[in-house]
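> I would like to see how this sequence folds:
(chains A and B)
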Amino acid sequence: MTSELIVFLVLSLAAVAAAFGMVSSRNAVYSALFLVLNFVTVAIFYLLLGAPFIAMSQITVYAGAIMVLFLFVIMLLGAEALAPTNVLPWQRPLAFSLAVILLVESVYLVISRAQTNAVIVAPDIAVNSMDNLRAMAMSLFNQFLLPFEVTSILLLVAMVGAIVLTKREKAGQK
Amino acid sequence: MIQVDYYIILSAILFTIGALGVLIRRNPLIIFMSIELMLNAANLVFVAFGRSFQVAQEAAGKAVSFDGQIFVFFVIAVAAAEVAVGLALIVEIFKTKKNINIDEMNSLKG
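Next up is the predicted model:
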């Protein structure tokens, strides 16, 4: 067993455990913190896969900005723990069985069509450096310039939409 | 040296946990987090396949491409936009109904 495989197994165990903790914990704040742990482990996976820029974006945007927004809204609404309801009692066993079916199906597909020649070797130092950032920027601003600009418009629309949605309309004031 | 299949299976497990979270939880904020988890699983597969493609390109002596990582970059940007609008909607629903239990959100009219 190579050291790379051991690192992969330990990290994937941490990622799956954090994801499961996120789904199963009663308190929404704990869920958010478990999700941050999951994002950090996935960021380490990105580093192992030779994507340092994506790893840092993952930490700053997901674990930083998005999860802080989540925690802010959870605490603003006081939605740490909702009172349990029994509207659909059959839903939980059905959901578990559907999830098991989905997992078995996807793992079976992967195994039955496994390409044993598709391997991932850890990148050497040259890839995990500024070269990655330079190459990504060249690609982003040449080949993918139009999607990049469309993304900026999307972010602008999302920002305006969020402001309009939460704006307080005063009575009798247009 | 790791096979790319390991990453796909890990991503399938994470995606399934996300889907399970969407199905069983009643708190819309946790449902949102589960959606983020599913997006994250898809991103992991993007980067893993991108790396495996790069390995093949390096072996063939060609210039490596970064398309998988670029796609992940766009997915992260779209997820940020989605979270901003979605959380604003949840805050607005809370202001109207004084409750954010997903079982109560069964009408379009406030």
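
> Show me the helices in chain B, by range?
Here chain B has its helices, by DSSP state H, at B:4-24, B:28-60, B:67-97.

> and of those, who's closest to A:Phe144?
Closest to A:Phe144 of the helices of chain B is helix B:67-97 (Cβ to Cβ; 5.5 Å). All C-beta spots, glycine's among them, are computed from the backbone N, C-alpha and C.

> for that closest one, which positions count as buried?
B:67-77, B:79-91, B:93-94 (16 or more other Cβ atoms under 10 Å in any protein chain shown).

> right, is that helix up against chain A?
Yes. Counting by Cβ under 8 Å from any Cβ of the partner chain, chain A is contacted by helix B:67-97 at B:67, B:69-70, B:72-74, B:76-85, B:87-92, B:94.

> and B:Ile8, how far is that from B:Ala41?
B:Ile8 is 10 Å from B:Ala41, where distance means Cβ to Cβ, to the nearest Å.

> With adjacent residues omitted, what lies nearest to the residue nearest in space to the middle of chain B?
In chain B, the centroid-proximal residue (Cα atoms, centre = their mean) is B:Leu39; its distance is 1.1 Å. In space, and not counting its chain neighbours, B:Leu39 is closest to B:Ala79: 5.3 Å by Cβ to Cβ, 6 or more residues apart in numbering or on different chains.

> Report the central residue of chain A.
Note: chain A centre (Cα atoms, centre = their mean) maps to A:Phe39, 5.9 Å.

> which stretch of helix or strand covers it?
Applying DSSP states H and E as the criterion places A:Phe39 in helix A:28-48.

> avg pLDDT for that helix?
The pLDDT scores in helix A:28-48 average 93.

> Which other helices and strands does it contact?
helix A:3-24, helix A:52-57, helix A:67-77, helix B:28-60 (3 or more Cβ pairs under 8 Å, 6 or more residues apart in numbering or on different chains; DSSP states H and E).

> which residues sit against stretch A:10-22?
Residues outside stretch A:10-22 that contact it (Cβ atoms under 8 Å, 6 or more residues apart in numbering or on different chains) are A:30-32, A:34-35, A:37-38, A:41-42, A:44-45, A:48, B:6, B:10, B:13-14, B:17-18, B:21, B:30, B:33-34, B:37.

> And B:Ile8 and B:Ala41? Which one has more around it.
Set B:Ile8 next to B:Ala41 and count neighbours by other Cβ atoms under 10 Å in any protein chain shown: B:Ala41 wins out with 25 against 22.

> So, low pLDDT: which residues of the chain?
Since no chain was named, I'll use chain A. Along chain A, segments meeting pLDDT under 70 span A:1, A:86, A:114-117, A:122-129, A:169-174.

> To clarify, I was referring to chain B.
Those would be B:109-110, if you go by pLDDT under 70 across chain B.

> quick one on the thing from earlier: next one: the residue nearest to B:Leu39 from B:Gly21, what distance?
Taking Cβ to Cβ, one finds B:Ala79 at 16 Å from B:Gly21.

> Same question for A:Gly78.
21 Å.

> neighbour-wise, which of those two wins?
B:Gly21 (28 against 10).

> if I pick the more buried one, what's in contact with it?
Counting by Cβ under 8 Å, 6+ apart, B:Gly21 has contacts A:22-23, B:30-31, B:33-34, B:37.

> Repeat the analysis, applying 6 Å as the threshold.
A:23, B:34 (Cβ atoms under 6 Å, 6 or more residues apart in numbering or on different chains).

> try the one 10 residues further on
Taking Cβ under 6 Å, 6+ apart as the definition of contact, the neighbours of B:Ile31 are B:22, B:25.

> Which residue, neighbours along the chain excluded, lies closest to B:Lys97?
Computed as Cβ to Cβ, 6+ apart, the closest residue to B:Lys97 that is not its neighbour in sequence is B:Glu104, at 6.2 Å.

> burial measure for B:Asn27, as a count.
With other Cβ under 10 Å as criterion, B:Asn27 counts 21.

> Ok, A:Arg92 next?
Using other Cβ under 10 Å, A:Arg92 is surrounded by 12 other residues.

> just checking, it touches B:Leu23?
No. Using Cβ atoms under 6 Å, A:Arg92 is not in contact with B:Leu23, being 8.3 Å away.

> residues touching the residue of chain B most remote from its centre, list them.
Going by Cα atoms, centre = their mean, the residue of chain B most distant from its centre is B:Gly61, 33.6 Å out. By Cβ under 6 Å, 6+ apart, the contact set of B:Gly61 is empty.
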